[in-house]
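Participant: Predicted model and sequence below, questions to follow.
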Amino acid sequence: QKEVEQDPGPLSVPEGAIVSLNCTYSNSAFQYFMWYRQYSRKGPELLMYTYSSGNKEDGRFTAQVDKSSKYISLFIRDSQPSDSATYLCAMRDSGYALNFGKGTSLLVTP
Amino acid sequence: SAVISQKPSRDICQRGTSLTIQCQVDSQVTMMFWYRQQPGQSLTLIATANQGSEATYESGFVIDKFPISRPNLTFSTLTVSNMSPEDSSIYLCSVYGLAGRHHTGELFFGEGSRLTVL
């Protein structure tokens, strides 16, 4: 079993929809959680960074961490065509190495 | 955040050759990280490049295949040696953001170097 599982999609939604992206993990030592957005032929761009459990909001983006369920989510409100990209979850314990999901491909159609 | 520049952005290479990827950061950092992103796979850490000491390699990656240099606090190179088509991938340089002398926990990436091995 991989340490981080993420549905690759693709996920297609109409503009304005609420998008929910999710990852599960198996290592209870993970305590730092990140979401990256990666456009085609670009490097990953950090969207959200959270520590331990709880919610964090930044504009249209909300990150949720449920450590008891080993489950993290990223919600995108009022989705836009410019949100079309691959979204990567990542997490780590007290070390420096990030463990990534495979990414979910999102397409927001006008 | 950190500004990370990588060269080359892409290259097409012949089997058996080697290619060196350069990474330049706009601030002095102790550690630089090299990741690989293979098609349809998760990003995977290859090694940590430490200034003034040997790089630390993750399981499955060896120095003979991926030699790393770290001559100063803002620059690193990764060489992919004796390439085969299985090495076709995106190679990414990354660093943690800094707040004073401490890292923020936020890992930033360069744009990547996309290698295709024929």
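Facilitator: Everything's here; your move. No experiment lies behind these values; they were computed from the predicted model shown.

Participant: can you give me the strands in chain B?
Facilitator: In chain B, the strands defined using DSSP state E lie at B:4-7, B:10-13, B:19-25, B:31-37, B:43-50, B:56-57, B:68-72, B:75-80, B:89-99, B:102-109, B:113-117.

Participant: okay, the ones you listed, which one's buried deepest?
Facilitator: strand B:31-37 (a mean of 24; mean count of other Cβ atoms under 10 Å in any protein chain shown). C-betas here are computed from N, CA, C, even on glycine.

Participant: In contact with residue A:15: list those residues for me.
Facilitator: Taking Cβ atoms under 8 Å, 6 or more residues apart in numbering or on different chains, we find residue A:15 in contact with A:79-81, A:108-110.

Participant: Leaving out chain neighbours, which residue sits closest to residue B:42?
Facilitator: Distance criterion Cβ to Cβ, 6 or more residues apart in numbering or on different chains; nearest residue to residue B:42, sequence neighbours excluded, is residue A:100 at 4.2 Å.

Participant: count of residues packed around the one you found?
Facilitator: For residue A:100, the neighbour count with other Cβ atoms under 10 Å in any protein chain shown is 26.

Participant: Go ahead and confirm residue B:110 touches residue A:45.
Facilitator: No: counting by Cβ atoms under 8 Å, residue B:110 stays clear of residue A:45, with 11.2 Å between them.

Participant: So for residue A:50, which of the strands of chain B sits nearest?
Facilitator: Among the strands of chain B, the nearest to residue A:50 by Cβ to Cβ is strand B:102-109 (9.8 Å).

Participant: Good, we can wrap up now.
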